[in-house]
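Trainee: just coords:
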């Protein structure tokens, strides 16, 4: 009977982590769209979702801890619950970063117009693709896709490093636009952070499926 109850709890955790991933995906997608369009209303909509996602994160963590305490799962079930706790935390952090991007959009709207120092649309699309792939790996329990996401992180890191140099050059050329250019650099840093957290989710998916720890390049 206890085993049946545990599997019911596991199924419930699956539904909740997938629901949370859907909410956060929508939040990130809106933030990227708001960035591409300079849409302050869409940016405000992203910010307004923050509390809802925070509450869902806390509720899911409490549910995971309850299952651990009541059922003391082992092996695959234990690995699954540990992974859900970590993925849940990373999803909430990604939502926070999306809110930070939205806030930068509002601040950029108040600055004098300046040409973006890097191709933020390409970077945003690449990060969005990476995040979606990490969620697809979670939904489909696809270890191979998760490992591909982990490898992709280096590409986004390289774009952010290049952006830093571009911003530095623009500041020397246009010191009057210092504030706006620093905001754009922050946008690049936030996008890079979403890519990092997407890679973390992918690492946890690999652990969930294969029982293999692939952080810091181990086993990847």
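Mentor: Right, received. Where do you want to start? In this text the structure is predicted, and so the values were computed from the model without any measurement.

Trainee: measure the residue nearest the centre of the chain to residue 179 for me?
Mentor: Centre of the chain computed as the mean C-alpha position; nearest residue by Cα atoms, centre = their mean is residue 94, 3.5 Å away. Distance, residue 94 to residue 179, by Cβ to Cβ, to the nearest Å: 26 Å. No exception for glycine: its C-beta is placed from N, CA and C like everyone else's.

Trainee: got it, and residue 21?
Mentor: According to Cβ to Cβ, residue 21 stands 35 Å off from residue 179.

Trainee: One more: residue 87?
Mentor: 36 Å.

Trainee: Among the two, which residue is more densely surrounded?
Mentor: Legend: neighbour count by other Cβ atoms under 10 Å for residue 87 and residue 179, higher for residue 87 (25 against 13).

Trainee: Residue 117 against residue 165, yeah?
Mentor: No: taking Cβ atoms under 8 Å as the definition, residue 117 is not a contact partner of residue 165, at 9.5 Å.

Trainee: who has more neighbours, the two?
Mentor: Between residue 117 and residue 165, residue 117 has the larger neighbour count (other Cβ under 10 Å), namely 23 against 11.

Trainee: Neighbours of residue 136, how many?
Mentor: By other Cβ under 10 Å, 15 other residues sit near residue 136.

Trainee: Quickly find the element holding it.
Mentor: Assigned by DSSP states H and E, residue 136 belongs to helix 120-140.

Trainee: do you know how far residue 81 is from residue 44?
Mentor: Distance from residue 81 to residue 44, by Cβ to Cβ: 36 Å.
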